[in-house]
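> got a predicted model here, sequence first, then my questions.
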Amino acid sequence: MSTPLEIAFQGVEKSRALEAKIAERMVRLEKHFDRMTYARVVVAAHRHSHKGRIYQIKIEIGIPDHAPVVVTHEPEVSHAREDLLTAIREAFDATLRRLDDTAARLSGTAKAERGRRRPSRKRTSAEGTEPDTAPDESERS
């Protein structure tokens, strides 16, 4: 992996297994989008009185000449007791989707599809000109 990766843990014990899982997912992202300049992943755990531990994953990816892509995964209330590996997986899946959108925007394909040509609006006599009507083939003879 050529992209520098910084991993920070807040309220979660640092483990080689978690670092390896995050590095593995970053390699997949880098294969998918190779223009990353840096990557920072923050794994945080918050204690909730009724829900137990709630994990928050924040992924920040630098892109040259553009604002960084930042994805923060916060589990919904119904999934508050989410497993840490599940939270990491969902955060990286969301990051992959966001990078797909960014890559399409950077390459111009999204803009080309979004800006499809609309049919021209015909002017009516109320706008001051007659609508453009060409004689049919049958009317010319």
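Perfect, thanks for sending it.

> what does stretch 26-43 rub up against?
Contacts with stretch 26-43, where a contact means C-beta atoms under 8 Å, 6 or more residues apart in numbering, come from 1-10, 12, 18, 22, 55-64, 84, 88, 92, 95-96, 99-100, 102-103, 106. Bear in mind the C-beta positions are built from the backbone N, C-alpha and C, glycine included.

> cutoff 6 Å now
1, 3-9, 12, 22, 57-64, 99, 103 (C-beta atoms under 6 Å, 6 or more residues apart in numbering).

> hmm, which of those are the buried ones?
Buried members of these, scored by 16 or more other C-beta atoms under 10 Å, are 3, 5, 22, 57-63, 99, 103.

> which ones among those are found in strands?
Judged by DSSP state E, those include 5, 57-62 as members of strands.

> nearest to Thr72, of the residues you listed?
Distance to Thr72, by C-beta to C-beta, is smallest for Lys58 among those, at 4.7 Å.

> any idea how far Ala104 is from that closest one?
Using C-beta to C-beta, to the nearest Å, we find Lys58 at a distance of 23 Å from Ala104.

> could you do Gln10 as well?
33 Å.

> next: Ile22.
Taken as C-beta to C-beta, the span from Ile22 to Ala104 is 25 Å.

> same question for the top helix by length along the chain, mean pLDDT?
Longest helix in the chain, counting residues (DSSP state H): helix 84-107. Summarised as a single mean, pLDDT over helix 84-107 is 87.

> just stretch 44-53 next, same as before
72.

> try stretch 19-28
Per-residue pLDDT over stretch 19-28 has a mean of 93.

> alpha carbons only: can I get it in PDB?
Taking Å, rounded to 0.1, in the frame of the first residue of the first chain, the C-alpha atoms of stretch 19-28 are listed here in PDB:
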ATOM      1  CA  GLU A  19      -5.100  -2.500  12.500                       C
ATOM      2  CA  ALA A  20      -4.700  -5.400  10.100                       C
ATOM      3  CA  LYS A  21      -8.400  -5.400   9.200                       C
ATOM      4  CA  ILE A  22      -8.400  -1.600   8.600                       C
ATOM      5  CA  ALA A  23      -5.200  -1.900   6.500                       C
ATOM      6  CA  GLU A  24      -6.800  -4.700   4.400                       C
ATOM      7  CA  ARG A  25      -9.900  -2.600   3.700                       C
ATOM      8  CA  MET A  26      -7.700   0.400   2.800                       C
ATOM      9  CA  VAL A  27      -5.800  -1.800   0.200                       C
ATOM     10  CA  ARG A  28      -9.200  -2.600  -1.300                       C
END
